[in-house]
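1. Quick one: sequence and predicted model below, then my questions.
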Amino acid sequence: MNRETPKVIRRLQYTPPKGRSRPALWQGLAFGLILLSALSARAADHAVAPGADLQAAINAATAGDVLRLRRGTYQGPVVIDRPLFLIGEEGAVVNGTGLGSVFTLTAPDVRIEGLVITGSGIDVPKMDSAILVKQTAKRAMILNNRLRNNLFGVYLHGADGSQVKNNIIHGRRDLRTAEAGNGVSIWNAPGTKVTGNDIRYGRDGIFVNTSKRNVFQNNRFRDLRFAIHYMYTHDSRIIGNRSQDNHVAWALMYSDRLEVRDNISQSDRDHGLLLNYVNNTKITGNQVRDSQGKCLFIYNAHKNQIAGNLFKGCPIGIHFTAGSERNDVYDNAFIGNQTQVKYVGTRRVEWTFEGRGNYWSDNAAFDLNGDGLADRPYRPNDIVDDILWRYPQARILLNSPAIDVLRFAQSKLPALYPGGVIDTAPLMQSPISEEGS
């Protein structure tokens, strides 16, 4: 069978009733093959000329047909209610009317590829999109399209197992953030993959809510509120993405068992990585550089592995608060942050794992035995930091003799140190290579 035969045809099979004899079984199989051949023969490849009625062409097509849109302009909106391939030549453009979604998919196994799509409406509750994929339209494939000046780019509303791959999605720039849509929105679409897309402008690059087993990989985000925004999404992966000049790169909330690996946040405004009620998650091999706020913000997140990451050049390297417990923080590099750690709490928190801590660029330490670990523990915060966080107005005393006396007394009486982060095995050299910068 042709490799491009749509899945809706490939899935057809004959299941004999229980107890059917072997001859009857073979007769049933033969009938199934005849039916399959008949359906395959019906699938056809149609060319659609510019200016043609695209909706009429779709209505005349049979499930499994391929519609090839020639270079030129076509008018939306369009509803695809049967499994079809819509493949555009270079320069094939589908324009909406400024109301509703340009494409609405209601059938499974639809593929849209190679089109320029523009002109959706701006009604957020109605999910006006370049491509709106309804819950019945499972396994949609949105490939190599350019989606411009739409409210939402792709909205997967319950469409399990869909793919959004290698698209350029540029949202509207004439709307306030609260009025704008997302590049890709996902609601309850398990098994969805969003890979290799370039997403710019609008609200969030990818927003996902109430889903699971999603993969977001090798996407690029710029000029957005959040690059990736997770809400109530579990057992999913965020790998190899790049965020630049957004408010927040990776905003992960109320989600468990994530893998966050090999992502880069460069010059994002507020946070590189934000964890809010995130648990049992592996955060490894990521780089956050030159955020204007915090490299990493952890709020009430528990039992996470945070290892092998670079946090560099931020006003605050890591802000750790709200009773976050049992997190393993080790083999990270904290380089050139104005404040390496802001810990809001009174408990002692140990940041080593199996005898390895983290690298701190401001740790003036010695390694007399040459084991690669500093000879003394590293404490990123002292009693002065604690006072300033509790009473910010005390900053006017920073250069006063009183502060100098307080720090001198603390150095002579370690019992004066407040509770907080301690790294008992700080690394002498950074374990992180800044490749990919």
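-> Nice, I can see it.

2. mind checking the backbone torsions on the residue nearest to Leu373 when sequence neighbours are not counted?
-> Distances taken as Cβ to Cβ, 6 or more residues apart in numbering put Ala425 closest to Leu373, at 4.9 Å, once the chain neighbours are dropped. Just so you know, the C-beta spots here come from the backbone N, C-alpha and C atoms, and that holds for glycine as well. Main-chain torsions, Ala425, degrees, to the nearest 10: phi -140, psi 60.

3. Pull up the gap between Ala425 and Arg220, please.
-> 37 Å (Cβ to Cβ, to the nearest Å).

4. what's the answer for Asn182, then?
-> 15 Å.

5. again with Asp328
-> With Cβ to Cβ as the criterion, Asp328 and Arg220 are 30 Å apart.

6. So for Ala425 and Arg220, which sits in the more crowded spot?
-> Under the criterion of other Cβ atoms under 10 Å, the comparison of Ala425 against Arg220 puts Ala425 first, with 20 against 17.

7. my guess is the more buried one contacts Gly355, does it?
-> Yes. Counting by Cβ atoms under 8 Å, Ala425 touches Gly355, with 5.6 Å between them.

8. so where's the stretch 1-150 of the chain shaky on pLDDT?
-> Applying pLDDT under 70 to the stretch 1-150 of the chain flags the ranges 1-42.

9. mind listing the strands in it by residue range?
-> Per DSSP state E, counting those that start in this stretch, the stretch 1-150 of the chain carries strands over the ranges 45-48, 66-69, 72-75, 78-80, 85-88, 92-95, 103-105, 111-113, 116-118, 129-133, 141-143, 146-148.

10. Direction included, what does the longest one pair up with?
-> In other words, strand 129-133. Paired with strand 129-133 in the same sheet, following DSSP bridges, are strand 103-105 (parallel), strand 152-157 (parallel).

11. Pick the most deeply packed of the ones you listed.
-> Stretch with highest mean neighbour count among the strands paired with strand 129-133: strand 152-157 (a mean of 28; mean count of other Cβ atoms under 10 Å).

12. who's in contact with it?
-> 101, 120, 127-135, 140, 142, 147, 162, 164, 167, 169, 171, 181-189, 192, 199, 202 (Cβ atoms under 8 Å, 6 or more residues apart in numbering).

13. Could you report the pLDDT at Glu350?
-> As predicted, Glu350 sits at a pLDDT of 89.

14. How about the contacts made by Gly98?
-> Residues counted as contacts of Gly98 (Cβ under 8 Å, 6+ apart) are Gly119, Ser120, Gly121, Ile122.

15. for Gly293, same thing?
-> Arg269, Asp270, His271, Cys314, Pro315, Ile316.

16. From those residues, list the buried ones, please.
-> Neighbour-count burial (16 or more other Cβ atoms under 10 Å) applied to those gives Asp270, His271, Cys314, Ile316.

17. Mind putting those residues into CSV with pLDDT, secondary structure and distance to Ile80?
-> Shown next, in CSV, are the buried ones among the contacts of Gly293 (pLDDT from 0 to 100; DSSP: H, G, I helix; E, B strand; the rest coil; distance: Cβ to Cβ, whole Å):
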residue, pLDDT, secondary structure, distance to Ile80
Asp270, 95, coil, 39
His271, 95, strand, 39
Cys314, 96, coil, 46
Ile316, 94, strand, 49
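
18. The residue nearest the centre of the chain and Asp45, how far apart?
-> The residue lying closest to the centre of the chain (Cα atoms, centre = their mean) is Ile228, at 3.9 Å. Distance, Ile228 to Asp45, using Cβ to Cβ: 38 Å.

19. Arg289: which of the strands paired with strand 129-133 is closest?
-> Proximity to Arg289 (Cβ to Cβ) singles out strand 152-157 among the strands paired with strand 129-133, at 27.2 Å.

20. That closest one: how far from the chain's middle?
-> 15 Å (Cα atoms, centre = their mean, to the nearest Å).

21. if we can go back for a sec, out of the contacts of Gly293, which comes closest to Ala107?
-> Using Cβ to Cβ, these come closest to Ala107 at His271, 40.3 Å.

22. quick one: contacts for the closest one?
-> Counting by Cβ under 8 Å, 6+ apart, His271 has contacts Val248, Ala249, Ala251, Ser291, Gly293, Lys294, Cys295, Leu296, Phe297.
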